[in-house]
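In: with the sequence up front, the predicted model follows.
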Amino acid sequence: MATSQQLIAQELANSWALAAQKYAGYFYGHPTRAGQYGTSDSGKVFVDYDKPWEEPLVFEDGCEFCEVMTDERVEERILGFQRAIDKEVIGQKYQHFNVWIASGDPRVPEPFHAWDSPANMRAFCELFEDDPTEKRPAGWLHRALNLTLLPPHLKRRLCIEWNHLLRDWLIANPVFEYDMERREIVTKPTLRDEDTLAADPEENQALLELRDEDRTFASAGAVDDGLNLEQQYAQEYADGLF
């Protein structure tokens, strides 16, 4: 989805991330949770080894987003979310990332599209996140779990959950709607009712009073349609319409 960040509430973004987090258990075999963003646990993964992971059981329904969800669209959405994961992790290592891009390493997938390339970010994570260093003998502290490796049926279930979260958010926030063609959340066009002629309240009140005066005058000074044109003009002059 190409929606501007300004139109996505943080609560909606958080709900999408929490939905995706449930599927991390597929890789660990146990329920997992991530440390809350902005805390000392941010970036850490906690695994509940006392419980086996169970696949989330969700179903497509009459939701308009589920009805248009093709296999290709599922893949696009998972890739888009993966790009966000990779970018967040690499954000803490951008100096190293930029050095690698400029190093001439033949493993750089897209050397001429360095700074915003999803392929480059994914390759950087895959190549280096498990490399031991003196400070991090187990590899990076913050890692980018690769959700693109989920099996197709789990990718689809995750997208179903995202669909339902977006549907519920739009219901709770009716000022927004989803443009299916543009694949964006957009603000609804302002519906101008009969009593809204101007944005400024004082200007609006003045315009409403003028409108009401015109309507009253027009209804009181209606010309008799049975008269010929010259007689109608004469009546209009007499009634003060000119």
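Out: The structure has been received and is ready for your questions. Numbers count the residues shown, from 1 in each chain.

In: show me where the protein has its strands.
Out: Under the criterion DSSP state E, the chain contains strands at 32-34, 45-47, 176-179, 184-187.

In: redo those as TSV? Include mean neighbour count, distance to Glu161 and mean pLDDT.
Out: C-beta here means a position set from N, CA and C on the backbone, and glycine is covered the same way. Output for the strands of the chain, formatted as TSV (neighbours: other Cβ atoms under 10 Å; distance: least, Cβ to Cβ, whole Å; pLDDT from 0 to 100):
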stretch	mean neighbour count	distance to Glu161	mean pLDDT
strand 32-34	17	16	80
strand 45-47	14	20	80
strand 176-179	15	16	86
strand 184-187	14	17	82
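
In: of those strands, which is nearest Gly62?
Out: Nearest of these to Gly62, taken as Cβ to Cβ: strand 176-179 at 15.5 Å.

In: how about the CA coordinates for that closest one, as CSV?
Out: C-alpha atoms of strand 176-179 as CSV (Å, rounded to 0.1, in the frame of the first residue of the first chain):
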residue,chain,number,x,y,z
PHE,A,176,-11.0,7.9,5.7
GLU,A,177,-11.7,5.4,2.9
TYR,A,178,-9.6,3.0,0.9
ASP,A,179,-9.1,3.7,-2.8
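
In: that one: partners in the sheet, and parallel or antiparallel?
Out: Strand 176-179 sits in its sheet next to strand 184-187 (antiparallel), going by DSSP bridges.

In: mind checking how far the residue nearest to Asp48 when sequence neighbours are not counted is from Asp168?
Out: Leaving out its chain neighbours, the residue that sits closest to Asp48 by Cβ to Cβ, 6 or more residues apart in numbering is Pro31, at 4.5 Å. From Pro31 across to Asp168, the span is 24 Å (Cβ to Cβ, to the nearest Å).
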